[in-house]
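**Q** any chance you could fold what I've pasted below:
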Amino acid sequence: MGGAAPPPRLRELPGRSPSNPSGSAHTSRRTPRSIPFVAQARISLQYRDCEIEAFFADFIVDEKIVLEIKSVERHTPLHRAQVYSYLGATNLHLSMLINFNVPVLYRGVSRVVR
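**A** Sure thing, here's the model as predicted:
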């Protein structure tokens with residue numbers, strides 16, 4: 001009678017868009033519950049007023065938590081070292097390392113504290 005319904009709209013990932021597929025520009029957003037977060041947050045290491053290197057954390061939530069997303073067989077010490085580097089460079093103390101390549105999501109969540 002009314003024909004086929006239109007396809008559901010897909011939400012774009014924060015920080016990524018058709019004009020910026022790498023998502024390298026950091027984007028500040030809020031969730032429906034008004035929790036502020038920054039996607040693809042640039043973290044730079046400074047030494048004597050010179051930037052040595054820049055990293056991009058997947059998300060920084062409420063300026064308190066670094067959220068790093070992975071889809072790997074399992075977390076390795078290298079992943080934890082990456083998160084510790086982000087924590088040290090941002091002076092934050094809490095990070096969540098989340099692996100989506102697991103049968104049950106809670107098994108892929110690791111809490112990392114500095």
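
**Q** thought residue 57 was touching residue 89?
**A** No. Between residue 57 and residue 89 there is no contact under C-beta atoms under 8 Å: 9.0 Å. All C-beta atoms are positioned from the backbone trio N, CA, C, and that covers glycine.

**Q** could you list every residue that touches the residue nearest the centre of the chain?
**A** Central residue of the chain (C-alpha atoms, centre = their mean): residue 58, 2.0 Å from the mean position. By C-beta atoms under 8 Å, 6 or more residues apart in numbering, residue 58 lies in contact with 39, 40, 67, 68, 69.

**Q** assign a three-state SS to the first one, would you?
**A** In three-state terms, and counting by DSSP: H, G, I helix; E, B strand; the rest coil, residue 39 is strand.

**Q** ok, it touching residue 61?
**A** No. Contact between residue 39 and residue 61 fails when scored by C-beta under 8 Å: they sit 10.0 Å apart.

**Q** may I see the ChimeraX selection of the buried members of the contacts of residue 58?
**A** In ChimeraX, this line selects whichever of these come out buried by 16 or more other C-beta atoms under 10 Å:
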select :39,40,67,68
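
**Q** want to throw the contacts of residue 58 into JSON lines with pLDDT and distance to residue 97?
**A** JSON lines is the format used below for these (pLDDT from 0 to 100; distance: C-beta to C-beta, whole Å):
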{"residue": "39", "pLDDT": "90", "distance to residue 97": "17"}
{"residue": "40", "pLDDT": "89", "distance to residue 97": "17"}
{"residue": "67", "pLDDT": "94", "distance to residue 97": "8"}
{"residue": "68", "pLDDT": "94", "distance to residue 97": "5"}
{"residue": "69", "pLDDT": "94", "distance to residue 97": "8"}
